[in-house]
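In: I would like to see how this sequence folds:
(2 chains)
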Amino acid sequence: MKYGYFPGCSLKGTGRAYEESLLPVMQHLGIEMRELDDWSCCGATAYMAVDEGKACALAARNLAIAEQEGHAQLMAPCSACYLVLNKTQHYMAEYGAMKRLVDKALGSVNLRVTRPTPVRHPLDVLLNDVGLEAVKQKVTHPLKGLKVAPYYGCQIVRPYSTFDDQADPQTMDRLLESLGATVVDWPLKTKCCGGSLTGTLPKAGLRLAYILLKEARKRGADVIATVCPLCQFNLDGYHDKIAARWEPVRIPTVYFSQLMGLAFGLPAGRLGLQRGFVPMKPLAAVTAA
Amino acid sequence: MAKQEQEVRIGFYVCHCGTNIAAMVDCPEVAQFVGTLPGVVLSKDYKYMCSDPGQELIQQDIREHRLNRVVVASCSPLLHEPTFRSATEKGGLNQFYFHMVNIREHDSWVHTDRAEATSKAKALAQAAVHRVAHHKPLETKRVSINPTTLVVGAGIAGIHAAMTIANSGKKVILVEREPTIGGHMAKFDKTFPTLDCAACILTPKMSDVGSHENIQVLSYSEVTKVDGFVGNYTVTVKRKPRYIDEEACIGCQDCIPACVFKQPKFADEFNEGLGKRRPVYIPFPQATPQIVAIDPNTCLNFKKGEDGGRVVSDKCKKTCVEACGDKNAIDFTQVERIEEYEVGSVIVATGFQTFDARRAPAYGYGRFPNVYTSLEIERLVNASGPTGGHVVMRDGKSEPRSVGIIHCVGSRDKKTNVWCSRVCCMYSMKLAHLLKEHTGAEIYNFYIDVRTPGKGYEEFYNKLLDEGVHFIRGRVGEVTDWAMTPDEEGKLVIRVEDTLAGYVRRIPVDMVVLATGLEPQQDAQDVRRMFNMSCGSEGFFLERHPKLAPVNTFNDGIYIAGACQGPKDIPDTVAQAGAAAAEVLALIDKGFVEQEPNTAFILEDECSGCKSCIPLCPYTAILFDEGKGRAYINEALCKGCGTCVGSCPSGSIVQNLFDDEEIFSEIEGVLAYE
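Out: Numbering: from 1, shown residues only, chains lettered A, B, ... in the order given. Now for the predicted structure:
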């Protein structure tokens, strides 16, 4: 199975651990991911809010490159990229004026979008293309006894819920179960992590992150698993500030791909686990207990 | 066919239909053009051809200008072909010398370019003018109507329709797939807005139906096949085995407590799974017919062995048979039976199903035990329900002290069903009243809009407000067990944007009721195909006209009533059932229907006797005369499908209204237009 790969800025920066774990895990499953050549910013939510036309043109540039390179499908692991690329495609299909505007912008640099390129999330690919049976077969170190709170965030299920339920998504739950982990029943799967408010309006943003951490602890989770670089950053990066405002809730937040890597027995030191502020307990310590 | 040589004199009329046609088609131009075609004696445009003066115009012109063919370009023949045929006949011509062109549905309504739409109208008119020259005089045939009616579905719609027809002295066959008649209404506790007891008003009607001399109730049965046409349908009914001899069972129910299952053990469908029943059961005390049923999925007598075959468990002591005694009504050997019935008309009253609340996962049905559907609450507050009307939550003992009722679950939502289910606002308020009456709990209604269009409905809403039931305007985001404060611990928290107060609220309650919407039955598409009906995009059966033919379908002799046509409450359902019954009685009283003479016939001299047409006929209307060595068509059975006409190797089968001359000249006409 082959996919074009759009990393976006986070996977090269704050979310480096995501890429560091996702690429070897996918390779281990026999999936080829080819990074787009000369990809650009997806525009994220910020640009969308300022100017939809320019934001779509920026995102569509990456779709045009994917098409030019002959990719049948494009994998976008970052939630913001995943959402913006899908939204751009939706806008171009739905609104003629937007399509013309984007075509004109791309035309000025000799690029074209002629067909929709399905933009896929790794969870979608793992569940629907690879299949949980194939994942299970690769598990050599089951995450037995590890209690995981699956945290999806908002962008991969809203407003487009192409592969999972908007209110009660299940794909990561199923994936974690297939790794042998115990999935904690926690109702905040898609609640806000604080988004960019943690930076711009810490009083509101940090409170949202605190709520998530507190509920995960209350429900007995050892670790929170996430799919989104911003969620991971917000839940992992502000523990001191949260402790100062409310109380310490030091619970680690990792990418689902890091847990997959551990379950597959890939070298723990090469999954980006050292990058977290709140370190995850060594797996052996959990499974032995 | 003899007077073909006579000079053809065509009158052509193009109708403006107000602005329906004239706004997109230049009608005077079409009339002017057609006037130049050979054989056309006069060509006119007129504002409303279907009006009395319009029809009078045709009749007058036939007499004054010795017309012998008439063409009208207007709406769909479905609407006004009978009108113009009749005008043609009144003018003194055979009605089949008329031909109709549809330039409304096929042209003006579907195009946006006036010049092109006008061209299309001309081309279609030219085709009709070419065709009509070859029309021949034909006679309609009369077919008598079988006075027996089939009613499918015995909820309140089917029951009311059956009673109305039966009371006029006509026979009715009432088919119901469940073991008892009564439908959804039998499960309701009270009815809005009068709060009279549903069972008290329904069950007497049920027993009247059961004992009516003109009604044959086929319960636990399903229609599987329908053949024939208006007035003469043959219906195949599957009688599912209930393992009880219906003639022998006297309804004493002695077998039920005698079952080896000392305690009822299996989810009771009638009580929405809230109660338990034994494998031998009667759905509810007033079930009609008063005959028990044995459920083969739970009865030990029907255990499946490892090879899939039937193994009688030795735990079954057949104590039910013993209790039945010399009545001998229990028959474990019963098998499915197939029966055929002859009927003249059909009323389809197959009802609705409620939206599956699991399809709205944000509301937690199936995840949180104390989230209920509205039908479950109907049973819970019902005195003959699983708890005897005592409202307790799923733990079986605690009463709710606060209840949230969420409106529009599955309705008015792009992701599920887009339509308003019409009854949920009212039944939610009814349940709010009943829950408050039973428990004294605080009740919160969460609504998008409160819709109370109906006699006494708004007054009922006001009564609820006076009773102190809370109404919060806002679509609920989620029901969660995520507690943020100590007083939310252990409760279900309803998160909602209160759009009147202007902020997001968290309301902790003990019990949540989901006002699930109404949707078409799971198998509505199968039923639609069986009766050759149409469905709207949402899947409810389509009426012939939304205003003027609300219980008719596009298939003559097939009528619809109740919620299978769209969500509706009991008063509207009963009104529709009565209307459908009246339509059926009108048909029966007339005694006959006129049928299009569009049947096929075989030119005896040209038939080679190859018999290739015989197996192709879907209606087995073609027979073979061994003496003559020729095939012939039974006109009474022919439906005019044309299959044999197209397949005959020697071209010796001809179909009235569609002979080669007519079809080819029509094609020539449309192609000749530049």
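In: Please make it C-alpha for all contacts and neighbour counts, starting now.
Out: OK.
In: Quick one, grab the pLDDT at the closest residue to chain A within chain B.
Out: For chain B and chain A, the shortest gap (Cα to the nearest Cα) falls at B:A362, measuring 5.0 Å. At B:A362, the model reports a pLDDT of 94.
In: cool, the one 10 residues further on as well?
Out: According to the per-residue confidence, B:Y372 scores 98 in pLDDT.
In: Name the spans of the stretch 101-250 of chain A whose pLDDT lies under the cut-off.
Out: By pLDDT under 70, the stretch 101-250 of chain A contains no weakly predicted segment.
In: What residues does it have near chain B?
Out: Contact residues, the stretch 101-250 of chain A versus chain B (Cα under 8 Å from any Cα of the partner chain): A:165, A:167-168, A:186-188, A:215.
In: repeat that for 7 Å
Out: Within reach of chain B by Cα under 7 Å from any Cα of the partner chain, the stretch 101-250 of chain A has these residues: A:167-168, A:187.
In: Quick check: nearest residue in space to residue 278, chain neighbours excluded?
Out: Picked chain A for this. Nearest non-adjacent residue to A:V278, counting by Cα to Cα, 6 or more residues apart in numbering or on different chains: A:P252, 5.0 Å away.
In: You answered for a different chain; I wanted chain B.
Out: Nearest non-adjacent residue to B:R278 (Cα to Cα, 6+ apart): B:P264, at 4.6 Å.
In: if I pick the one you found, what's in contact with it?
Out: The contact partners of B:P264, taken as Cα atoms under 7 Å, 6 or more residues apart in numbering or on different chains, are B:276-278.
In: Restricted to strands, list the residues you listed.
Out: Assigned to strands by DSSP state E, the following of the contacts of B:P264 qualify: B:276-277.
In: pLDDT for the contacts of B:P264 - can I get that in CSV?
Out: Supplementary listing: the contacts of B:P264 in CSV, determined by pLDDT from 0 to 100:
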residue, pLDDT
B:K276, 94
B:R277, 95
B:R278, 94
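In: who wins for neighbours among the contacts of B:P264?
Out: B:R278 (22 neighbours; other Cα atoms under 10 Å in any protein chain shown).
In: Let me know the distance separating the residue nearest to B:R278 from B:K44.
Out: Per Cα to Cα, to the nearest Å, B:P264 is found 78 Å from B:K44.
In: Work out the gap between stretch B:642-651 and the centre of the chain.
Out: Computed by Cα atoms, centre = their mean, to the nearest Å, the chain-centroid distance of stretch B:642-651 equals 36 Å.
In: From the rest of the structure, what touches that stretch?
Out: By Cα under 7 Å, 6+ apart, the residues outside stretch B:642-651 that reach it are B:607, B:613, B:616-617, B:653-655.
In: what secondary structure does the single nearest residue of the stretch 51-200 of chain A relative to chain B sit in?
Out: Residue nearest to chain B within the stretch 51-200 of chain A: A:A167 (5.0 Å; Cα to the nearest Cα). Classification of A:A167 using DSSP: H, G, I helix; E, B strand; the rest coil returns coil.
In: was I right about it contacting B:A360?
Out: No. Counting by Cα atoms under 7 Å, A:A167 stays clear of B:A360, with 8.3 Å between them.
In: my guess is B:S421 contacts B:S411, does it?
Out: Yes. At 6.3 Å, B:S421 and B:S411 qualify as touching, with contact defined as Cα under 7 Å.
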